[in-house]
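# coordinates for the following, if possible.
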Amino acid sequence: MCQKLMNPPEFQYILENYKEICYNVKNAAAKYGRGDVKIMAVTKTVPPEKVNFAVSLGIDLLGENRVQEYLSKKDSYDKSAQVHMIGHLQTNKVKYIINDVDMIQSVDSVKLAGEINRLAEKNNKIMDILIEVNIGDEQSKSGVSADSLYTLIEEISPMKNISIKGLMAIPPIGSGDEVFDRMNELFLSVREKSFPGVSMDILSMGMSGDYETAIKHGSNLVRIGTKLFGARKYLEV
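As a prediction, this is how the structure comes out:
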């Protein structure tokens, strides 16, 4: 994280933003006694040349929201960075990304997990996933409820071509410490239960407006888009 700063040929603002993010992440991790925190560049509507510039600075993890947009850009990406699907994923779209992404962070149902498992087996691979939790119980957002999380993990964990690596959450905008703390407690409680075949290694939580608070409450993977690339026009893709 944050080692590979280069003199930019262009996109100077991305370099400056990245340096600020690295500084804040490092300070927050030190302040709250956290270990290494991964920075993910969220690439929704961002042109490949800007994404590749971010990769040249040291970003080695990209987050994709939409399958169709990702398919239109993936061949132009620097292949040295891993790609995670972080947006809501329909079961009929899994086949398009099963061999291209390194992790699917937005698994929230047995149906979706079953399709990922089926296609992973067909392609002779094991797909790493995170379980998405709707920690704010927002009707407009996907994710399993906190109350249903254990049941979902129990149903998914026996699937042989899926590996549950942790949890992901998008707390409501403006959430206070209590929401982030509740998510961390849930993460730790799942880890303590030691479900067979489940490793709680990753808590993916925190975005441009709240990543320091997320780190305070245990996040070790923060997903940064606007703070890195600037405000974007969210076109339908």
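
# for the protein, what spans make up the helices?
In the chain, the segments counted as helices under DSSP state H are 12-31, 48-57, 67-73, 94-97, 110-122, 149-156, 177-193, 211-216, 226-229.

# now the fourth one: mean pLDDT?
The predicted model assigns helix 94-97 a mean pLDDT of 98.

# okay, buried residues for that helix please.
Taking 16 or more other C-beta atoms under 10 Å as the basis for neighbour counts, the residues of helix 94-97 that come out buried are 94, 97. In this view, the C-beta of every residue, glycine as well, is placed from N, C-alpha and C.

# give me whichever of the helices of the chain is most buried.
Between those, the one whose residues have the most neighbours on average, counting mean count of other C-beta atoms under 10 Å, is helix 211-216 (a mean of 22).

# return the distance of stretch 87-96 from the chain's centre.
Taking C-alpha atoms, centre = their mean, to the nearest Å, one finds the center of stretch 87-96 at 16 Å from the center of the full chain.

# then stretch 81-101?
Mean-position distance between stretch 81-101 and its chain equals 12 Å (C-alpha atoms, centre = their mean).

# how long is that stretch end to end?
Taking C-alpha to C-alpha, to the nearest Å as the measure, stretch 81-101 stretches 10 Å from start to finish.

# same thing with stretch 145-159?
According to C-alpha to C-alpha, stretch 145-159 extends 21 Å from its N-terminal end residue to its C-terminal end residue.

# for residue 39, list each beta-bridge partner.
Bridge pairing for residue 39 (DSSP bridges) gives the partners residue 222.

# residue contacts, the closest residue to residue 161 other than its chain neighbours?
On the basis of C-beta to C-beta, 6 or more residues apart in numbering, the spatially nearest residue to residue 161 that is not a chain neighbour turns out to be residue 120, at 3.7 Å. If a contact means C-beta atoms under 8 Å, 6 or more residues apart in numbering, then residue 120 has 98, 126, 127, 161, 162 as its contacts.

# state the distance from the residue lying closest to the first one once chain neighbours are set aside to residue 197.
Same thing as residue 98. Counting by C-beta to C-beta, 6+ apart, the nearest residue to residue 98 once its immediate chain neighbours are dropped is residue 119, at 4.5 Å. Going from residue 119 to residue 197 by C-beta to C-beta, to the nearest Å gives 19 Å.

# do residue 155 as well
Between residue 155 and residue 197 the distance is 12 Å, computed by C-beta to C-beta.

# do residue 170 as well
For residue 170, the distance to residue 197 equals 26 Å [C-beta to C-beta].

# tell me which of these two has more neighbours.
residue 170 (24 against 13; other C-beta atoms under 10 Å).

# I'm done for today, thanks for sticking with me.
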